[in-house]
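Engineer: Below: sequence and its predicted model.
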Amino acid sequence: MSTYHMRREDRNISDQTEILKIIKNAKFSTIGMAKENEPYLVTLSHGYDEKNNVLYFHCANEGKKVDFIKNNSMVCATIIENNGYVDGKCEQHYSSLLIFGKMFIIENIEEKKNGLNVILHHLESEPESILKRNIPSDESYHKIIILKLIIERITGKKGK
């Protein structure tokens, strides 16, 4: 995979603490995928597992994203923290991350449970009640897909 240097080094986010803060504060990521010559983008809610440096996502058992991931596990994701446009200055304040890695469909039920737990704890103030309502038994895990993005590289950029 080719890497490029950032043209404006003053906008580079390289501090791991700042990168982690952006990931932890974000509630969704946009994932770029490719299958043969066809690109595809999808925005999904995520959960971040800091210990294993992975992002988890959930989705239905079928669909375009599932087909793309089965065909090509290499993905690129972006997380954008929008801090507002400054009218009259033609300036956007933001922080953004590009995340490169491989995405897989988790088959193992214990890993599915862990992934969904990470997602719910990342997104919800009361994750246990959501889990009980939507996943009443282990059979419920067969109705969803948990995706795992193994992060290989992250680059960050900020404006103001």
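Structural biologist: Cool, the structure landed. Residues are numbered from 1 along each chain as shown.
Engineer: Just want the most central residue of the chain.
Structural biologist: The centre of the chain sits closest to Ser29, judged by Cα atoms, centre = their mean, with a distance of 4.3 Å.
Engineer: wait, that one sits on Leu55?
Structural biologist: Yes. The pair Ser29 and Leu55 qualifies as a contact (Cβ atoms under 8 Å) at a distance of 6.5 Å. Backbone N, C-alpha and C define where each C-beta goes, glycine included.
Engineer: intersection of neighbour lists for those two?
Structural biologist: 46, 77, 99 (Cβ atoms under 8 Å, 6 or more residues apart in numbering).
Engineer: where along the protein do the strands fall?
Structural biologist: Assigned by DSSP state E, the chain shows strands spanning 12-13, 28-35, 38-45, 47-49, 54-60, 74-86, 91-105, 144-159.
Engineer: helices or strands next to the longest one in the packing?
Structural biologist: Where contact means 3 or more Cβ pairs under 8 Å, 6 or more residues apart in numbering; DSSP states H and E, strand 144-159 is packed against strand 12-13, helix 16-25, strand 54-60, helix 64-71, strand 91-105, helix 109-123.
Engineer: Dump the ones you listed into CSV; add mean pLDDT and distance to Ile154 as well.
Structural biologist: Below are these laid out as CSV (pLDDT from 0 to 100; distance: least, Cβ to Cβ, whole Å):
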stretch, mean pLDDT, distance to Ile154
strand 12-13, 74, 9
helix 16-25, 92, 6
strand 54-60, 94, 11
helix 64-71, 94, 20
strand 91-105, 91, 5
helix 109-123, 95, 17
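Engineer: most neighbours per residue, which of these?
Structural biologist: strand 54-60 (a mean of 20; mean count of other Cβ atoms under 10 Å).
Engineer: Tell me how far that one lies from the chain's centre.
Structural biologist: 8 Å (Cα atoms, centre = their mean, to the nearest Å).
Engineer: Let's see that strand as PDB, backbone CA atoms only.
Structural biologist: This file holds the C-alpha atoms of strand 54-60, laid out as PDB (Å, rounded to 0.1, in the frame of the first residue of the first chain):
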ATOM      1  CA  VAL A  54     -10.100  -2.900  16.300                       C
ATOM      2  CA  LEU A  55     -13.400  -1.300  15.300                       C
ATOM      3  CA  TYR A  56     -16.600  -3.400  15.400                       C
ATOM      4  CA  PHE A  57     -19.700  -2.800  13.400                       C
ATOM      5  CA  HIS A  58     -23.000  -4.600  13.100                       C
ATOM      6  CA  CYS A  59     -25.300  -5.200  10.100                       C
ATOM      7  CA  ALA A  60     -27.900  -7.500   8.600                       C
END
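Engineer: Brilliant, that's me finished.
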